[in-house]
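Student: model this:
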Amino acid sequence: MGNLLTDPQPSPTPLPTPREPGGTSPVDGYGVLHTWNGATLISDHDNQNNLHKLWEEHPQDGSVIGVPILHVECEGSRIYFVCAALKPLLDLMRGQPPGSPLPSPGEVCHALLDWVPFGIGRAVCSLIEHFVNAVIGLALAPALAAAFASAWEAAQIYDDAFVTGPIAKQIHVGDHIVVSGRWTWDAGHAGHTELHPVKTIQRLRLAPDLAGGHDPRQPLPADVANRVRQLRDRWCHFIQEAPPPPDPFNFPTPGGLSGPQLAALTPEQHTTYVNQQRPENGWTIHPSIDGCQPREEGGEVPPLH
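Tutor: Here you go, the predicted model:
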């Protein structure tokens with residue numbers, strides 16, 4: 001899988017080698033089965049699996065090829081909806097009023113008794129926490145199940161309405177895309193690395209000589225390979241300068257960045273974010289129709305379109 005990944009920021013901290021806790025699964029990549037008819041590489045997207053399984057189950061004689069891919073998972077808004085719906089109930093399980101900034105009883109217990117030697121204080125607080133969580137959890141189980149089911153369904157409705165969910169409606173096999181997300185280890189499919197969750201997707205329109213059609217058994221011509229690298233580097237550079245997608249439920253500023261997001265912006269992302277808030281960049285249809293022009297130093301405010 002490492003051959004498909006380029007660390008955009010190898011210094012000062014490089015990407016770690018992702019491994020499943022306990023090392024019970026092999027570090028393996030993911031792939032899609034392809035067939036080569038002598039002129040065209042045909043993908044079989046219904047036949048996906050870990051690379052070592054594709055290579056073991058199909059003859060690798062040049063006619064059938066297990067092509068490595070970078071697996072990405074587009075979750076839509078479901079994770080957010082479910083977590084937001086369950087958070088108040090989880091606060092109650094900890095003996096804390098929902099949304100309260102005050103410490104939970106367990107945190108108070110640890111603050112008072114953790115000093116007791118030999119770990120006795122921590123052990124007592126842990127036993128109390130587990131007992132309280134279990135009792136309250138059993139009482140809240142029906143509410144937790146109902147909240148989970150309701151949030152799950154609401155997320156699907158939201159994604160369908162705002163076209164942010166089923167990616168298949170917008171992106172199709174054969175499209176060239178740039179994806180950003182969190183690189184992680186997924187142990188649920190015999191183990192492989194992937195981007196999960198996906199944070200942004202951009203669809204590209206490539207020049208014909210970059211859009212495919214090369215014999216996959218042969219290396220790319222040097223000039224084509226160089227142009228591919230330049231295209232990749234340019235897109236990666238600009239994506240890293242972009243701030244993260246805004247939270248549509250961020251209060252009191254819906255659609256804006258939250259406090260932690262603003263605090264985590266790099267200097268380049270902060271510059272981009274500030275420019276995005278300027279009136280002249282707030283157009284919807286076209287800047288000549290509904291945009292503004294920045295006021296010159298000491299000049300008059302130009303009329304709005």
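
Student: So for stretch 261-281, mean pLDDT?
Tutor: Across stretch 261-281, the average pLDDT comes to 88.

Student: how far does that stretch sit from the chain's center?
Tutor: Distance, stretch centre to chain centre, for stretch 261-281: 20 Å (Cα atoms, centre = their mean, to the nearest Å).

Student: now do stretch 117-130
Tutor: Counting by Cα atoms, centre = their mean, stretch 117-130 comes out at 37 Å from the chain centroid.

Student: Check which residues of it are buried.
Tutor: 121, 125, 128-129 (16 or more other Cβ atoms under 10 Å). Where you see a C-beta, it was placed from the backbone N, CA and C, and this is true even at glycine.

Student: List the contacts of it.
Tutor: With Cβ atoms under 8 Å, 6 or more residues apart in numbering as the contact definition, stretch 117-130 has outside contacts at 94, 105-106, 109-110, 112-116.

Student: OK, contacts around the nearest residue to residue 79 once chain neighbours are set aside?
Tutor: Closest residue in space to residue 79, ignoring its immediate chain neighbours: residue 197 at 6.9 Å, by Cβ to Cβ, 6 or more residues apart in numbering. Shown in contact with residue 197 (Cβ under 8 Å, 6+ apart): 73-75, 79, 181-182.

Student: pretty sure residue 197 is in a helix, no?
Tutor: No: counting by DSSP: H, G, I helix; E, B strand; the rest coil, residue 197 falls outside a helix, being strand.

Student: For it, give its distance to residue 215.
Tutor: 35 Å (Cβ to Cβ, to the nearest Å).

Student: likewise residue 123?
Tutor: Counting by Cβ to Cβ - residue 123 and residue 215 are separated by 65 Å.

Student: dump the residue contacts of residue 98.
Tutor: Counted by Cβ under 8 Å, 6+ apart, residue 98 has contacts 87-89, 91-92.

Student: Could you identify the helix or strand that succeeds the longest helix along the chain?
Tutor: The longest helix of the chain (DSSP state H) is helix 120-162. Per DSSP states H and E, the first helix or strand lying C-terminal to helix 120-162 is strand 176-186.

Student: Does anything pack onto the helix or strand where residue 231 lies? Which helices or strands?
Tutor: According to DSSP H and E, residue 231 maps onto helix 222-241. For helix 222-241, the elements it packs on are strand 176-186, strand 192-204, helix 267-276, judged by 3 or more Cβ pairs under 8 Å, 6 or more residues apart in numbering; DSSP states H and E.

Student: what does the last one contact?
Tutor: Contacts to helix 267-276, defined as Cβ under 8 Å, 6+ apart, come from residues 240-244, 257, 262, 265, 281.

Student: Model confidence score at the residue lying closest to residue 220 once chain neighbours are set aside, please.
Tutor: Residue nearest to residue 220 in three dimensions, not counting chain neighbours: residue 214, with 6.0 Å by Cβ to Cβ, 6+ apart. Note on residue 214: pLDDT of 72.

Student: Can I get stretch 86-95 in CSV, CA atoms only?
Tutor: Extracted in CSV, the C-alpha atoms of stretch 86-95 (Å, rounded to 0.1, in the frame of the first residue of the first chain):
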residue,chain,number,x,y,z
LEU,A,86,-26.4,9.9,21.6
LYS,A,87,-24.2,12.5,23.3
PRO,A,88,-26.9,13.8,25.8
LEU,A,89,-27.7,10.2,26.8
LEU,A,90,-24.1,9.3,27.2
ASP,A,91,-23.7,12.4,29.4
LEU,A,92,-26.5,11.0,31.6
MET,A,93,-24.9,7.6,31.8
ARG,A,94,-21.9,9.4,33.3
GLY,A,95,-24.2,11.0,35.9
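
Student: Report the mean per-residue pLDDT for it.
Tutor: pLDDT averaged over stretch 86-95 gives 81.

Student: quick revisit: just give me how far the longest helix of the chain sits from the chain centre.
Tutor: With Cα atoms, centre = their mean, you get 24 Å for helix 120-162.

Student: Tell me the pLDDT of residue 14.
Tutor: 62.

Student: can you check residue 3 too?
Tutor: 52.

Student: Point out the other helices and strands that the helix or strand where residue 31 lies packs with.
Tutor: Assigned by DSSP H and E, residue 31 belongs to strand 30-36. Strand 30-36 is packed against strand 41-50, helix 51-57, strand 64-69, strand 192-204, with contacts defined by 3+ Cβ pairs under 8 Å, 6+ apart.

Student: ok, now with 7 Å
Tutor: strand 41-50, helix 51-57, strand 64-69 (3 or more Cβ pairs under 7 Å, 6 or more residues apart in numbering; DSSP states H and E).

Student: nearest to residue 233, of the ones you listed?
Tutor: strand 64-69 (21.0 Å; Cβ to Cβ).
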